[in-house]
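1. this one's sequence-less:
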């Protein structure tokens with residue numbers, strides 16, 4: 001087979017060029033991350049039962065849902081958390097590699113089956129099922145440098161004007177506000193006044209629910225209508241209440257001569273946050289954090305840059321006293337790690353070239369592994385794309401290790417050609433043909449032995465196995481490509497570039 005490529009060096013070169021082009025194209029589309037995706041995907045089920053204790057939540061909300069979760073495809077385990085503030089959260093963890101979107105659908109279907117068994121209040125508030133990415137990309141904080149804006153204002157401004165824009169960026173899996181303070185009308189009841197008037201909290205809650213709603217008031221003049229009716233009017237009614245004054249005017253009880261009892265008579269109303277369970281600070285100042293999670297398979301560096309660009313664009317519309325800061329960004333470490341590994345890659349390549357020249361004493365001979373090694377390394381990116389891997393610290397370290405391995409195949413061929421030319425005074429073409437007849441089986445054996453060492457590691461299970469898999473497969477791909485190049489391009493280059501030398505080497 002090698003004789004075919006020795007007589008057709010252009011064909012051998014085309015094969016290597018195709019490998020390089022495929023590697024370059026793959027490298028441009030491969031996702032870039034610090035580590036491979038090894039964390040199992042999770043789905044969060046959350047529900048609210050105001051006023052319920054943790055024990056009540058466990059029995060009435062968590063238990064019915066947990067019964068239905070058993071048997072969901074790909075589910076490893078789930079755990080529940082019930083708090084005394086009426087919040088319950090169930091985290092379902094799935095096997096690594098599970099399609100998180102399909103897992104979310106499966107969990108949601110099981111929750112729908114359990115909903116009829118849940119308390120009415122829980123169903124009214126709704127049971128939320130959402131996927132959660134474990135790969136946080138960055139945290140952007142909305143701040144007020146001059147302290148003119150409260151955390152309540154910042155939270156709701158971020159919710160209304162920033163959050164959705166960030167979620168729409170390509171590559172963003174999810175974005176959520178940490179320590180959210182959603183606007184809520186807080187009704188502080190006066191128990192002593194209520195006791196005097198014989199009013200219960202249920203009376204107040206029912207009055208607010210009945211009078212704070214969006215009603216469809218209907219139409220006037222709609223068919224069937226009397227003869228001569230020409231116009232149709234849509235009746236508009238005041239919708240949901242907005243200000244504390246409007247809520248204060250809600251009628252709790254009307255007893256004719258006894259007058260009208262309104263909410264403001266038995267309660268103090270103010271616009272505040274729905275809950276104050278958590279808060280976020282930066283350098284001692286209250287801020288609102290927006291956690292941004294990376295979408296599976298996305299390029300972390302490109303997504304982070306897109307987020308910063310979008311934040312700068314949104315900043316132009318910020319009101320006075322509002323700014324943003326990015327205190328946490330994982331891509332800084334990713335960028336630094338990749339730069340260091342690429343630098344190590346270049347240093348290792350130069351070291352290989354120096355060693356080859358030192359022992360072969362010929363620039364022509366040194367040029368051959370200099371061409372062969374990059375072909376194998378660049379082509380490895382195409383293999384990473386085929387296997388669905390990413391460019392990360394592990395795969396780049398594997399390529400650093402592979403430099404010393406892939407150069408061996410080219411050197412085995414090159415040194416044998418040099419030996420035949422020196423000892424038997426053969427011409428480069430004849431020496432290349434004879435050398436390949438002698439070492440072709442050895443090159444194939446080297447490739448098979450190295451693959452036998454690394455490939456079994458790729459079948460290890462668990463999270464550690466996922467780490468080893470990326471490393472082992474990267475080395476195996478580079479070794480296979482190195483063997484292909486050694487059997488095709490290297491002998492062709494030897495026949496073209498080497499010259500018969502009868503003088504002694506200078507060193």
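-> That came through, no problem. The model shown is predicted, which means the values in this text are computed figures rather than measured ones.

2. burial count for residue 92?
-> Residues near residue 92, counting by other Cβ atoms under 10 Å, number 28. Using the backbone N, CA and C atoms, a C-beta is placed for each residue, glycine as well.

3. would you map the helices across the stretch 401-507 of the chain?
-> 428-454, 462-497 (DSSP state H, counting those that start in this stretch).

4. of the ones you listed, which stretch is the most buried?
-> Of all the helices of the stretch 401-507 of the chain, helix 462-497 carries the top mean neighbour count, a mean of 22, counting by mean count of other Cβ atoms under 10 Å.

5. what angle do that one and helix 428-454 make?
-> Here the directions of helix 462-497 and helix 428-454 differ by 180 degrees (axes from the mean of the first three to the mean of the last three Cα atoms, to 10 degrees).

6. okay, now the unreliable bits of the protein?
-> 1-2, 133-134, 256-258, 297, 500-507 (pLDDT under 70).

7. I'd like the helices of the stretch 401-507 of the chain laid out as a markdown table, including distance to residue 331.
-> Shown next, in a markdown table, are the helices of the stretch 401-507 of the chain (distance: least, Cβ to Cβ, whole Å):
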| stretch | distance to residue 331 |
| --- | --- |
| helix 428-454 | 30 |
| helix 462-497 | 19 |
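
8. looking at those, spot the one closest to residue 230.
-> Of all these, helix 462-497 sits nearest to residue 230, with 72.9 Å by Cβ to Cβ.

9. report the distance from the closest one to the chain centre.
-> Put simply, helix 462-497 sits 29 Å off its chain's centre (Cα atoms, centre = their mean, to the nearest Å).

10. how about stretch 111-130?
-> Distance, centroid of stretch 111-130 to centroid of chain: 29 Å (Cα atoms, centre = their mean).

11. same deal with stretch 40-55?
-> Stretch 40-55 sits 24 Å away from the centroid of its parent chain (Cα atoms, centre = their mean).

12. show me what contacts the nearest residue to residue 57 once chain neighbours are set aside?
-> Nearest non-adjacent residue to residue 57, counting by Cβ to Cβ, 6 or more residues apart in numbering: residue 82, 3.9 Å away. Counting by Cβ atoms under 8 Å, 6 or more residues apart in numbering, residue 82 touches 54-55, 57-58, 61-62, 88.

13. please tell me which one of the residues you listed counts the most neighbours.
-> Neighbour counts for the contacts of residue 82, by other Cβ under 10 Å, peak at residue 61, which reaches 27 neighbours.

14. ramachandran coordinates for that residue?
-> phi -120, psi -60 (degrees, to the nearest 10).

15. follow-up on the earlier one: please name the bridge partners of the residue nearest to residue 57.
-> When bridges are taken as DSSP bridges, the partners of residue 82 come out as residue 88.

16. measure it to residue 55 for me?
-> Applying Cβ to Cβ, to the nearest Å, the value for residue 82 to residue 55 is 8 Å.

17. just residue 467 next, same as before
-> Distance from residue 467 to residue 55, by Cβ to Cβ: 41 Å.

18. count the residues that sit near residue 70.
-> Close neighbours of residue 70, defined as other Cβ under 10 Å, add up to 9.

19. need the helices for the stretch 101-250 of the chain, in chain order.
-> 120-125, 151-161, 163-167, 191-197, 201-211, 244-248.

20. can I get these in a markdown table with mean neighbour count and distance to residue 144?
-> Conversion of those to a markdown table gives the following (neighbours: other Cβ atoms under 10 Å; distance: least, Cβ to Cβ, whole Å):
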| stretch | mean neighbour count | distance to residue 144 |
| --- | --- | --- |
| helix 120-125 | 13 | 31 |
| helix 151-161 | 19 | 6 |
| helix 163-167 | 15 | 18 |
| helix 191-197 | 12 | 36 |
| helix 201-211 | 14 | 32 |
| helix 244-248 | 16 | 23 |
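
21. among the ones you listed, which is nearest residue 436?
-> That would be helix 163-167 among the helices of the stretch 101-250 of the chain, by Cβ to Cβ, at 58.0 Å.

22. could I get the full set of strands for the stretch 201-350 of the chain?
-> 219-220, 233-234, 251-254, 260-262, 267-273, 280-282, 285-294, 323-329 (DSSP state E, counting those that start in this stretch).

23. out of those, which comes closest to residue 152?
-> strand 267-273 (5.6 Å).

24. how far off centre is the closest one?
-> Centroid displacement of strand 267-273 relative to its chain, using Cα atoms, centre = their mean, is 39 Å.

25. now for that strand, which elements pack on it?
-> helix 151-161, strand 183-189, helix 244-248 (3 or more Cβ pairs under 8 Å, 6 or more residues apart in numbering; DSSP states H and E).

26. those into CSV, with extra columns for distance to residue 300?
-> Below are the helices and strands packed on strand 267-273 laid out as CSV (distance: least, Cβ to Cβ, whole Å):
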stretch, distance to residue 300
helix 151-161, 23
strand 183-189, 34
helix 244-248, 45
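
27. which of those sits closest to residue 362?
-> With Cβ to Cβ, the closest approach to residue 362 among the helices and strands packed on strand 267-273 belongs to helix 151-161: 65.4 Å.

28. ramachandran coordinates for the residue nearest to residue 56 when sequence neighbours are not counted?
-> Computed as Cβ to Cβ, 6+ apart, the closest residue to residue 56 that is not its neighbour in sequence is residue 49, at 7.1 Å. The phi and psi values for residue 49, taken as degrees, to the nearest 10, are phi -140, psi 80.
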